[in-house]
Structure formats: structure tokens, C-alpha cells
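Visitor: sharing a model prediction with you, sequence too.
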Amino acid sequence: MLKKIGLDLDDVLTDTMPLFLQWHNETYGTRYGVKDMSTYHIEDLGGCTPEEANERHDLFRHSEHFGRVVPAPGAIEAVRLIAAEYTPHVITARNSNIREPTQKWLDTYFHGLIQDVHFTNAYSTDSATTPPRSKAEVCIELGIKTHIEDASEHARKCRDAGIQVILRTRPWNVRETGFDRFERWEDLLRMLLR
């Protein structure tokens, strides 16, 4: 039986942030670029509360911009190679209310490569019906020992739970220390497929 591995979706398998910021700039008149994102949270740039930021993410996920999200360069081939030695599970902070389009997207680009997708509802605007869970909890429940992530807060929680985390280097996590990192998928493959 193959070992399980966790893969984050947004800004690991995809480059979602540039499209989100393009949508945000067009919708709210801001001028944010990816390089401005010293944290993963749009509210940290000012101009909105955390609750408003969650609502904006929900609006984005129902926009035409969201429909243009494609895999990060090299991600499909890398996941194909990873799936030969691991059982990949997508663990996403997305809300479960977009399960259907998320699954359709994964089936389109990663057909037959992903065992399952797990939604943590991390930024849910309706925590009464979709309570959030941590990615660390999901990894523990599934017996996942290695998780690939970009968001610092999720990475730290997983690491604190004894899960190896490999960060895809992004502007919002460059100050994080104590993690293995990769920028190119080839580098991740060298770490995982030794």
C-alpha cells in the first residue's frame, strides 16, 4: 500500500492568487499585486475586515475569474509522478459549498491521480452549517505524514502536529523558517522521490 500525501489546492496545485487579485482590483478599485501579499490574507493589506475578506473570497469563487484558474506550471506531471509512489489527497481550505466545481476542476486536470478531496472550510462565512477543521486534523485522520502547503498558518499547525510540511515558496510565506521548500516542481520531486 502506498503512503498517503496531502496536497493543498490553491497556490500549490494552482496559481489562484494572481486571478483573485485581478478580480479584487477590478471589483474594488484596488491595485494589489502578488508581490504585495506579505501574508495570505487580503485584509492584512487594509480596506476590509476578516469577515469581509471571507465574503470577497466567496464572491470570487462564483466569478468568471475563478473559472480561469489552471494548474501551476509543472503541477500535472509532478502529481502524475508523485501518484506512482504516494496516494495523493487534496486538502483545501476551500469551503465545501464549492465541492462540485472543485471536483470537476480536479477531474479535468488531475483525472485519476487524486484519491479524494477534503474541504476544511477554513474561511467559511457560515460556520454553523460548515464548521471549520484544520488541515492538521485532516492529515491525522487520514494518516498523512507529509503535506504540501503554501499558507503559513496551515503549515505551522501541521508541523506542530508532527506532520512534515514542504512549502511551495510564495511571497506570503518567505519569512517562515523551519520548513523544507520548493519553487519548482522538479525540486519537490527530488525531495519526495529520492
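Guide: Nice, I can see it. Residues are numbered from 1 along each chain as shown.

Visitor: rest of the way, CA atoms for contacts and neighbours
Guide: Noted.

Visitor: distance of Thr39 from Arg94?
Guide: Distance of Thr39 to Arg94, computed by CA to CA, to the nearest Å: 17 Å.

Visitor: which one's more surrounded, the two?
Guide: Arg94 (23 against 18; other CA atoms under 10 Å).

Visitor: does the more buried one touch Val117 like I think?
Guide: No: contact criterion CA atoms under 8 Å: Arg94 and Val117 do not qualify, at 10.3 Å.

Visitor: from the chain's centre, how far out does stretch 16-26 sit?
Guide: 16 Å (CA atoms, centre = their mean, to the nearest Å).

Visitor: same question for stretch 70-81.
Guide: In terms of CA atoms, centre = their mean, the centre of stretch 70-81 is found 14 Å from the chain centre.

Visitor: which outside residues touch it?
Guide: 11-15, 88, 109-110, 113, 184-186, 189 (CA atoms under 8 Å, 6 or more residues apart in numbering).

Visitor: then stretch 183-194?
Guide: 74-75, 78, 81-82, 85, 168-169, 181-182.

Visitor: from those residues, which land in strands?
Guide: In strands, judged by DSSP state E, the following of those are found: 168, 181-182.

Visitor: quick check: ChimeraX command selecting the buried ones in those residues.
Guide: Buried residues among the ones in strands among the contacts of stretch 183-194 (16 or more other CA atoms under 10 Å), as a ChimeraX selection:
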select :168,181,182
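
Visitor: output the ones in strands among the contacts of stretch 183-194 in JSON lines, with distance to Thr49 appended to each entry.
Guide: Shown next, in JSON lines, are the ones in strands among the contacts of stretch 183-194 (distance: CA to CA, whole Å):
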{"residue": "Arg168", "distance to Thr49": "27"}
{"residue": "Arg181", "distance to Thr49": "31"}
{"residue": "Phe182", "distance to Thr49": "32"}
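
Visitor: of the ones in strands among the contacts of stretch 183-194, closest to Arg56?
Guide: Closest to Arg56 out of the ones in strands among the contacts of stretch 183-194 is Arg168 (24.2 Å), distances taken as CA to CA.

Visitor: any idea how far that closest one lies from Leu106?
Guide: Applying CA to CA to Arg168 and Leu106 gives a distance of 19 Å.

Visitor: show me where this protein has its strands.
Guide: Counting by DSSP E, the strands of the chain are 3-7, 86-92, 116-119, 146-149, 164-168, 180-182.

Visitor: show me which residues of stretch 55-70 are buried.
Guide: For stretch 55-70, the buried set under the neighbour-count rule, 16+ other CA under 10 Å, comprises 56-58, 60-61, 65-66, 69.

Visitor: pull the CA atoms of it into CSV?
Guide: Extracted C-alpha coordinates of stretch 55-70, given in CSV (Å, rounded to 0.1, in the frame of the first residue of the first chain):
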residue,chain,number,x,y,z
GLU,A,55,-17.2,37.3,1.7
ARG,A,56,-14.9,38.6,-1.1
HIS,A,57,-13.3,35.1,-1.5
ASP,A,58,-16.8,33.6,-1.7
LEU,A,59,-17.8,36.2,-4.4
PHE,A,60,-14.5,35.5,-6.3
ARG,A,61,-15.3,31.7,-6.3
HIS,A,62,-18.5,32.4,-8.1
SER,A,63,-16.9,34.8,-10.7
GLU,A,64,-15.7,34.2,-14.2
HIS,A,65,-12.1,34.8,-13.0
PHE,A,66,-12.4,31.7,-10.8
GLY,A,67,-13.3,29.7,-13.8
ARG,A,68,-10.0,30.7,-15.4
VAL,A,69,-7.9,29.0,-12.7
VAL,A,70,-5.5,26.5,-14.3
